[in-house]
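Trainee: After the sequence you'll find the predicted model.
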Amino acid sequence: MFHPGNAWLDMDGAPIQAHGGGILHHENTYYWFGENKDGPTKIMPNNLHRIDAIGVSCYSSTNLYDWHHHGVVLPAVQDDPDHDLHTSRVIERPKVLYHAPSQRFVMWMHVDNAVYSYARVGVAIAEQPTGPYRYLHSLRPFGYDSRDMTVFQDDDGRAYLIFSMQHNHTLMIGQLSDDYLNTQGASVSQFVGQYREAPAVFKHAGRYYMVTSGCTGWDPNEARWAVADTMLGEWALRGNPCRGPQAELTFGAQSTFVLPLHNSPFPFLFMADRWQPLSLSESRYVWLPLYFKENEMVIPWQEAWQWQPAAQPLLSIG
């Protein structure tokens, strides 16, 4: 069963280190990528909490409960202080897409310096989902600063980058190039002046949906959901999808990804991080069911719950 907010160990008995992560479903296997924060937390002079960058972890599973660790598949760089992935920098919110024409796996991530003024996205590639990944370059997408971000791959193979820009003042959505290695083509600004971050994007019944958080640093806040008829169309910002204790604080967590569930009695898995800023390595995961009721998005709190990949009712406790 899932136990949101509890400690979660991999198949080797070690705490899972995949924060700010996302999941790729490829050839009947789930691959979970995220930030490895298995190091001491430092408090910087500007009161920012950080660890020296370690890199991106990868885990695999066939049932979403039991995860095999494949190590740090994109490691931080030790000996080049000017490198985007140097240990003194920030590597956050990695997401991986499969590019079928080239049979390559493309990782996008937020790369930054310790004071979050570099504000770029980085790109890496691999021949296998478990890596190793080779870092290619970073960029300021469409000429803008980029902080919290995600990527989304549509049914037609087109891919999009969604990112907070202008110091989180605005969210931007833009197309990726055909090879998924750069931004290219159209882009649109959304939620101007709303200060939304932590985007998680998915598609349901022909429409596009997004969950975001407000901007309160490591502290939790209220999630909001949005909907659009096209990725580059007008997005309508709606209310809080969370239901239950601490719903106004997203159950003490922050959105990171929404995973479609195949052959499931409910359509989506909502993934969030419950950050522990004084000890970031001990941050926990909050995974909950996401569904729609009367055209409203609902993420209900569950103390413990079970997903069965079949046409069975949702089993829950609490």
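Mentor: Received, thanks. Numbering: from 1, shown residues only.

Trainee: pLDDT below threshold where in this structure?
Mentor: 263, 309-318 (pLDDT under 70).

Trainee: give me every residue that touches the spatially most central residue of it.
Mentor: Closest residue to the average C-alpha location of the chain: T256 at 3.5 Å, with CA atoms, centre = their mean. Applying CB atoms under 8 Å, 6 or more residues apart in numbering to T256 gives the contacts 19-22, 93, 198, 200, 271-273. Every residue, glycine included, has its C-beta placed from N, CA and C.

Trainee: now swap in V286 and tell me
Mentor: V286 sits next to 4-5, 250-253, 271-274 when contact means CB under 8 Å, 6+ apart.

Trainee: For it, name its beta-bridge partners.
Mentor: V286 has these beta-bridge partners by DSSP bridges: A272.

Trainee: picking that back up, just the closest of the contacts of V286 to R120, please.
Mentor: Closest approach between those and R120, by CB to CB: D273, at 21.6 Å.

Trainee: Could you pull up the residues touching the nearest residue to M165 once chain neighbours are set aside?
Mentor: Computed as CB to CB, 6 or more residues apart in numbering, the closest residue to M165 that is not its neighbour in sequence is Y144, at 4.1 Å. Contact analysis of Y144 by CB under 8 Å, 6+ apart lists 163, 165-166, 172.

Trainee: Narrow those to those in strands?
Mentor: Judged by DSSP state E, the contacts of Y144 include 163, 165, 172 as members of strands.

Trainee: most neighbours, which of the residues you listed?
Mentor: Greatest neighbour count in those, by other CB atoms under 10 Å, goes to F163: 28 neighbours.

Trainee: Strands of the stretch 151-300 of the chain, start to end?
Mentor: For the stretch 151-300 of the chain, strands defined by DSSP state E, counting those that start in this stretch occupy the ranges 159-165, 170-176, 183-190, 197-204, 207-213, 224-228, 236-237, 242-243, 254-260, 268-274, 284-293, 296-300.

Trainee: List the pairing partners of the host helix or strand of I23 within its sheet, with orientation.
Mentor: Element membership for I23 (DSSP states H and E) is strand 19-26. Strand pairing for strand 19-26, using DSSP bridges, gives strand 29-35 (antiparallel).

Trainee: just checking, next helix/strand downstream of the partner strand?
Mentor: The C-terminal neighbour of strand 29-35 among helices and strands, as given by DSSP H and E, is strand 42-43.
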